[in-house]
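Peer 1: turn this into a structure:
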Amino acid sequence: MTADAFDALYRRLASATAWAAGERGALIALTPRHVAAAAQEIRSGRTVTLAAPVETSTGPDSPEPARHTMVAWSEQADDQGLHFARDSFAMNVHGDTDSHLDALCHVIYHGTLHGGVDADRVTADGATALTVEALADGIAGRGVLLDIPRLRGVPWLEPGEHVSAEDLAAAERSQGTRVGEGDLLFVRVGHRRRRAEEGPWHTARARAGLHPDALEFLAERRVVLLGGDANNDTAPSAVDGVDFPVHVLAMHAMGVHLLDYLQFEDLAPLCAAEERWSFFCVVAPLRLPAATGSPVNPIAIL
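Peer 2: Below is the predicted model:
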């Protein structure tokens, strides 16, 4: 995609989602009515995590893994009285391995945040607009999983492959489901399965993800949240001069929060076995004041 074509797509999507203003962005379309209706998706009551374990080992896709440090442990305690094992964690929230949510202040494009908010609202001390704190009450709604490797008859998409708007529509038809207004859309490219079976690689250089035109599908259906098992963006980028076009379109133009590096290897087999690809979903980011994102453990409830 040329830079001019991307700019035209950006303007088209921003215009189509002009309703997604304010601190919560597109999530304003997720009304209590939508949440109550989504609760009807619960049938068996089975819960499934959509998050991967936090990565604490250095690798080609985790040069800055989370640091887990024991503060107190059994060897420091004598045999008398009460003692507590204690530990601490430190994490690069926006890395290429750990499941996380991107707040709308994460993407700065042409000097602004989503909705034209000035980028100077993000400082060395944190952000003062569009932060993860806007999601303090959590996100709950109807989740829909579209499994693109299943559609193509492969275990995973290879790094560099794109998911188009046509792919999303075809996956809907193949799975007998439909994405609608207020839905949380999850798109599987098989990143986690490939990593488990082939080993980690330098995902910043090569990974499967959505083509920028896939965002037209989201705008048409009024999707309020997008989650993927990789970064959502393909690498190398499909757009001249824009490294993360899906992040720019989803978050900056449309106000759609992103969930990166989830895992669907537990959920997808259950959906296939039950022949239904929608479920109730709860996403609860941490309350981190002034933060641009949060580690997250979304839960699907079938």
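Peer 1: I figured Ala20 hits Leu30, correct?
Peer 2: No. Between Ala20 and Leu30 there is no contact under Cβ atoms under 8 Å: 10.8 Å. All C-beta spots, glycine's among them, are computed from the backbone N, C-alpha and C.
Peer 1: what ranges do the helices span in the stretch 201-302 of the chain?
Peer 2: 214-221, 245-247, 267-274 (DSSP state H, counting those that start in this stretch).
Peer 1: nearest to Gly176, out of those?
Peer 2: Closest to Gly176 of the helices of the stretch 201-302 of the chain is helix 267-274 (Cβ to Cβ; 10.9 Å).
Peer 1: Leu288: neighbour count?
Peer 2: For Leu288, the neighbour count with other Cβ atoms under 10 Å is 17.
Peer 1: what kind of secondary structure is His68 in?
Peer 2: What DSSP: H, G, I helix; E, B strand; the rest coil gives for His68 is strand.
Peer 1: when you give positions from now on, start the count at 27
Peer 2: In the new count, where the first residue is 27, that last one comes out as His94.
Peer 1: that one contacts Thr82, correct?
Peer 2: Yes. Between His94 and Thr82 there is a contact at 5.2 Å, judged by Cβ under 8 Å.
Peer 1: out of the helices of the stretch 227-328 of the chain, nearest to Gly225?
Peer 2: Nearest to Gly225, of those and by Cβ to Cβ, is helix 293-300 at 21.0 Å.
Peer 1: which elements pack onto the closest one?
Peer 2: Where contact means 3 or more Cβ pairs under 8 Å, 6 or more residues apart in numbering; DSSP states H and E, helix 293-300 is packed against strand 165-173.
Peer 1: tell me the buried residues in the strand it packs on?
Peer 2: Within strand 165-173, the residues that count as buried by 16 or more other Cβ atoms under 10 Å are 165-173.
Peer 1: which other residues reach that strand?
Peer 2: Contact with strand 165-173 is made by 53, 56, 60-61, 63-64, 67, 194, 197-198, 201, 203-206, 208-214, 250-251, 283, 290, 293-294, 297-298, 303-310, 324, 326, as judged by Cβ atoms under 8 Å, 6 or more residues apart in numbering.
Peer 1: just checking: what are the partner strands of it?
Peer 2: strand 210-214 (parallel), strand 304-309 (antiparallel) (DSSP bridges).
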